[in-house]
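> Provided below for reference: sequence and predicted model.
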Amino acid sequence: MKLPNWQHHSKKEAKRTLKPQALRQAKKRRAALKAKLLASTVALVGFASPAQAVTWGEFWEPFKSDHHHHYHHAPRPRPMCEQREYREVRDYRGRFVEYYYETVMVPCHRKYRDHHH
């Protein structure tokens, strides 16, 4: 049997292929195992009585401690606004040649700032 070059040089082991009859048997075994596991979990749940139920407080008791975790979150990015800025072009002697307006992004400012900090 000729193998393609990529398969020949692959480090992976070839996937196992089952004949149709073996495949059907494997599916039946898997289904039987799933049914058995499902039946055992249902039986376990059935045995648990409400008298053994744990309250929310009892559940969290082992995790309680006196120290607190302080998580430092990154500040939210400030909203940015477009602003037109005046620019001048000068020659090598510093003489005015031309001007233009450039659109730049700057942090937006509130119209009415709250001045009492």
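Thanks, I have it. Numbers count the residues shown, from 1 in each chain.
> name the helices or strands packed onto the top helix by length along the chain?
In the chain, taking DSSP state H as the definition, the longest helix is helix 20-47. Packing partners of helix 20-47 (3 or more C-beta pairs under 8 Å, 6 or more residues apart in numbering; DSSP states H and E): none among the helices and strands. Using the backbone N, CA and C atoms, a C-beta is placed for each residue, glycine as well.
> any idea how far the closest residue in space to Ala14 that isn't next to it in sequence lies from Thr17?
Nearest non-adjacent residue to Ala14, counting by C-beta to C-beta, 6 or more residues apart in numbering: Gln7, 7.9 Å away. In this view, Gln7 and Thr17 are 14 Å apart by C-beta to C-beta, to the nearest Å.
> From the neighbour counts alone, determine which of the two ranks first.
The neighbour comparison of Gln7 against Thr17 (other C-beta atoms under 10 Å) goes to Gln7, with 10 against 7.
> and the helix or strand containing that one, average pLDDT?
Taking DSSP states H and E as the definition, Gln7 sits inside helix 5-8. The average pLDDT within helix 5-8 is 78.
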